[in-house]
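Undergrad: predicted model, plus sequence, below.
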Amino acid sequence: MTIRPAIRTPLPALALVLLAPMTLGACMSDRERPTDANPTAGAPAVKVTGEAQSCINRSQIRNTVVRSDRVIDFEMQGGKVYRNVLKSNCPGLGMDRAITYNTSIDQLCSPQIIYTLQNIGGMPRQGAGCSLGAFVPVEYDRGAKE
């Protein structure tokens, strides 16, 4: 008696799945990718407009834009933007592009832990936890190429 698996994957389909991560990297834009030396690579160019702050008011956050596994722009009411470069890469953040956090005060501060917010089967789930860096006030450099 021969036992056969219930699900059979054709070899060409399996090869496509195994090669997909390599070809996806090759097909992505030729923009510079973030590295430890330059974690903001690939994010829009900015001009620093003031001193870094350790906290921002949560109630003033209008929009949160995840730029990569390490860079988050907090766009505030009134147009001010704070760029936060996390202390280290946050696995899945650049792919999921969403965060969540727990705080009992109306401030988001460094080195508070934020979590990636994953969509698994249509249900939001808390993912990896990562430490925030300083909040640096910036303006987007409209003249620079992205």
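TA: Thanks, I have it.

Undergrad: C-alpha only now, for contacts and for neighbours.
TA: OK.

Undergrad: grab the nearest non-local neighbour of residue 55.
TA: Once flanking residues are discounted, residue 55 sits nearest to residue 109: 4.1 Å by Cα to Cα, 6 or more residues apart in numbering.

Undergrad: do the same with residue 88
TA: The shortest distance from residue 88 to any non-neighbouring residue, by Cα to Cα, 6+ apart, is to residue 70 (6.5 Å).

Undergrad: contacting residues for the one you found?
TA: 39-40, 85-90, 93-94 (Cα atoms under 8 Å, 6 or more residues apart in numbering).

Undergrad: got it, and residue 52?
TA: By Cα under 8 Å, 6+ apart, the contact set of residue 52 is 134-137.

Undergrad: would CSV of those residues with distance to residue 50, neighbour count and pLDDT be doable?
TA: Shown next, in CSV, are these (distance: Cα to Cα, whole Å; neighbours: other Cα atoms under 10 Å; pLDDT from 0 to 100):
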residue, distance to residue 50, neighbour count, pLDDT
134, 12, 20, 96
135, 10, 24, 97
136, 7, 22, 97
137, 6, 21, 97
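
Undergrad: which ones among those are found in strands?
TA: Residues of the contacts of residue 52 located in strands (DSSP state E): 135-137.

Undergrad: can you lay out those residues as TSV showing distance to residue 128?
TA: What follows is those, written out as TSV (distance: Cα to Cα, whole Å):
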residue	distance to residue 128
135	21
136	23
137	26
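
Undergrad: quick one, helices of this structure?
TA: 11-27, 93-96 (DSSP state H).

Undergrad: which of those has the lowest average pLDDT?
TA: Between the helices of the chain, the one with the least mean pLDDT is helix 11-27; it has a mean of 44.

Undergrad: quick one: low-confidence ranges for this structure?
TA: Per-residue confidence of the chain (counting by pLDDT under 70) places the weak regions at 1-38, 41, 144-146.

Undergrad: surely residue 96 touches residue 117?
TA: Yes. Taking Cα atoms under 8 Å as the definition, residue 96 is a contact partner of residue 117 at 6.7 Å.

Undergrad: same drill for the two, tell me which one is more crowded.
TA: Counting neighbours by other Cα atoms under 10 Å for residue 96 and for residue 117 shows that residue 117 has the greater number, 21 against 16.
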